[in-house]
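Peer 1: coords please:
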Amino acid sequence: MKIIELLKEPHGSKVGHKCDNLKPNLFEDAIFTENGVPVGFYIRSLPKPASQYLAIANKEFRTKKVPKSAMNRSSGETGVTEKVQQYSTIIGSVQPRPHMGRPEPRVSSVHQKKSARTFIKAMILLAQESLKLIKKHTPDLYEEHVNAVSKSIPEKWRFAEYFSSSISNFNIAASYHRDAGNVTNSLNVICTKRWMSSGGNLSIPDYGVVIDQCDNSMIVYPAWRNLHGVTPIVPHKEDGYRNSLIFYSLKAFANHG
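Peer 2: The predicted model follows:
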């Protein structure tokens with residue numbers, strides 16, 4: 001796997017800014033380093049069985065069997081006015097929201113739906129395979145991640161052993177943000193399924209990197225570390241889409257053992 005050293009460069013992007021329609025400049029399998037130290041990696045085509053679990057999860061997610069929060073918004077591309085279907089689903093643990101009358105964390109209500117069991121099982125297996133790939137390609141990062149999650153998240157709130165949660169985002173192009181609520185030294189895993197669409201790539205402006213989130217790809221990166229966002233998603237047919245299935249670890253569960 002190629003080693004790519006990330007170099008800081010100036011930029012004007014800020015939290016809340018929409019990503020421009022930037023073209024990808026990273027297409028090949030690579031381990032990302034900063035000052036020679038690995039911080040994440042990219043796999044363009046997932047190996048089996050991870051690719052199989054991803055395909056099952058994506059197929060199940062797109063059916064009515066999995067509850068979703070839906071919305072209709074523009075694609076996000078400047079000058080494009082057509083609407084695209086967008087929805088998301090959170091599984092695993094959901095952090096407390098005291099200001100919304102929910103002082104304690106809870107397990108996502110999706111887990112109570114019998115129809116969603118195949119989706120949840122496939123996501124758990126995909127998360128477990130992603131951890132194996134992290135251990136294989138960046139063993140030091142794996143140890144950091146496991147230690148950080150083990151110290152910060154009680155076992156009852158963990159998903160697939162070393163995450164807390166998962167979100168699947170269908171056709172959602174996120175504005176620039178930093179995942180400040182994530183456990184420090186933990187890793188996000190972003191798996192992508194897509195068909196007949198362009199855009200929807202991960203931009204990390206601190207390094208001028210735009211990663212090609214092609215079908216069946218995976219990005220492993222510490223989302224708490226840098227500003228990042230998703231470029232506009234443009235379906236090329238009515239049912240074209242880009243779906244990202246993400247695993248992450250929130251620090252909000254630390255005092256809820």
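Peer 1: how about the residue nearest to residue 208 when sequence neighbours are not counted, what does it touch?
Peer 2: In this structure, residue 208 finds its nearest non-sequential neighbour in residue 9, 4.9 Å apart by Cβ to Cβ, 6 or more residues apart in numbering. Quick note: C-beta positions are derived from backbone N, CA and C, even for glycine. Neighbour list for residue 9: 206, 207, 208 [criterion: Cβ atoms under 8 Å, 6 or more residues apart in numbering].
Peer 1: Contact partners for the first one?
Peer 2: Translated: residue 206. Counting by Cβ under 8 Å, 6+ apart, residue 206 has contacts 6, 8, 9, 11, 226, 227.
Peer 1: Next: the last one.
Peer 2: With contacts taken as Cβ under 8 Å, 6+ apart, residue 208 has the following neighbours: 9, 11, 25.
Peer 1: beta partners for the residue lying closest to the last one once chain neighbours are set aside?
Peer 2: Just to be clear, that refers to residue 25. Nearest residue to residue 25, sequence neighbours excluded (Cβ to Cβ, 6+ apart): residue 210, at 5.3 Å. Note on residue 210: beta-bridge partners residue 203, judged by DSSP bridges.
Peer 1: Touching, residue 210 and residue 23? I think so.
Peer 2: Yes - look at residue 210 against residue 23 with Cβ atoms under 8 Å: they come within range, at 6.7 Å.
Peer 1: Mind checking which of these two has more residues around it?
Peer 2: A direct count of neighbours by other Cβ atoms under 10 Å for residue 210 and residue 23 places residue 210 higher, at 19 against 11.
Peer 1: quick revisit: tell me the confidence at the residue nearest to residue 25?
Peer 2: Note for residue 210: predicted pLDDT of 98.
Peer 1: for residue 224, same thing?
Peer 2: 97.
Peer 1: Wait, a strand at it?
Peer 2: No - counting by DSSP: H, G, I helix; E, B strand; the rest coil, residue 224 is located in no strand; its state is coil.
Peer 1: for the closest residue to it other than its chain neighbours, which residues make a bridge with it?
Peer 2: Leaving out its chain neighbours, the residue that sits closest to residue 224 by Cβ to Cβ, 6+ apart is residue 182, at 4.1 Å. Beta-bridge partners of residue 182, counted by DSSP bridges, are residue 250.
Peer 1: can you pull out the helices in the protein?
Peer 2: Counting by DSSP state H, the chain has helices at residues 50-61, 117-137, 139-152.
Peer 1: closest one to residue 98 among these?
Peer 2: Smallest distance to residue 98 across the helices of the chain (Cβ to Cβ): 19.2 Å, for helix 139-152.
Peer 1: Which neighbouring elements make contact with the closest one?
Peer 2: strand 37-43, helix 117-137 (3 or more Cβ pairs under 8 Å, 6 or more residues apart in numbering; DSSP states H and E).
Peer 1: Go again with 10 Å.
Peer 2: Using 3 or more Cβ pairs under 10 Å, 6 or more residues apart in numbering; DSSP states H and E, the elements in contact with helix 139-152 are strand 37-43, helix 117-137, strand 217-221.
Peer 1: Run the angle between it and strand 217-221 for me.
Peer 2: 70 degrees (axes from the mean of the first three to the mean of the last three Cα atoms, to 10 degrees).
Peer 1: Now helix 139-152: buried residues?
Peer 2: 141, 142, 144, 145, 146, 148, 149, 152 (16 or more other Cβ atoms under 10 Å).
Peer 1: Understood, closing this out.
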